[in-house]
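In: Quick one, structure for this:
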Amino acid sequence: MTYSTVLSSLGGGVLIGLAAAILLYFNHRIAGISGIVAGLLQPWQLDSAWRLSFVIGLMVSTSLWFLMGGIISIKLDASYGVLVLSGLLVGYGTRLGNGCTSGHGICGLARLSARSVVATTCFMLTAALTVYLVQHVL
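Out: Model (predicted):
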C-alpha cells in the first residue's frame, strides 16, 4: 500500500464521516444508504427530496472525481450471474439487518448503538469467513 493510497483512504473516510455528521446534525437523519434508497421506493413523501438529493450527490461525485482526473479502477473476476446473485443477497441481508454497512458501521457505531455493534460484528465476521473460504477452501 502506497503513501498516496493511505492518504486517499483517510481523506475519503473523513469526508464520509463529515457528510454523515452533517446529515445527522442538520436533518436529524442517518446516512444509511439502504434506508435512504428504500424511502425513495415508496410513494413520494415530504422527505423524498433530501433522499433524492443524497443519491444524486453520490452519483455526481463519482463523475466529478473522474472529470477532475481521478482514476477509477475496478477489476471484477466474477460473472454477471454471480454479481446479480451477490447484489440480491446483499439487499436481502440489508433488509434482514435493518440497515447496511454505512448505516450500522459508520453512523450506528458513532452513536454507540448496541444493535449496530452486533450488526457490524456480523458483517465483519461474515466477510472474513467468506474471504477465507474463497481463498483457501474453494
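In: Show the average pLDDT along the lengthiest helix in the chain.
Out: If you go by DSSP state H, the chain has its longest helix at helix 3-27. For helix 3-27, the mean per-residue pLDDT is 86.
In: Toward the C-terminus, what is the element adjacent to that helix?
Out: helix 33-40 (DSSP states H and E).
In: same for that following helix, what does it pack against?
Out: Under the contact criterion of 3 or more Cβ pairs under 8 Å, 6 or more residues apart in numbering; DSSP states H and E, helix 33-40 touches helix 48-67, helix 80-96. Backbone N, C-alpha and C define where each C-beta goes, glycine included.
In: For stretch 108-127, which residues meet the burial criterion?
Out: Within stretch 108-127, the residues that count as buried by 16 or more other Cβ atoms under 10 Å are G108, S113, S116, A119, T120, F123.
In: what two of the residues you listed have the greatest distance between them?
Out: S113 and F123 (13.9 Å; Cβ to Cβ).
In: State the pLDDT value of the residue nearest the centre of the chain.
Out: Nearest residue to the geometric centre of the chain (Cα atoms, centre = their mean): S102, 4.3 Å. At S102, the model reports a pLDDT of 77.
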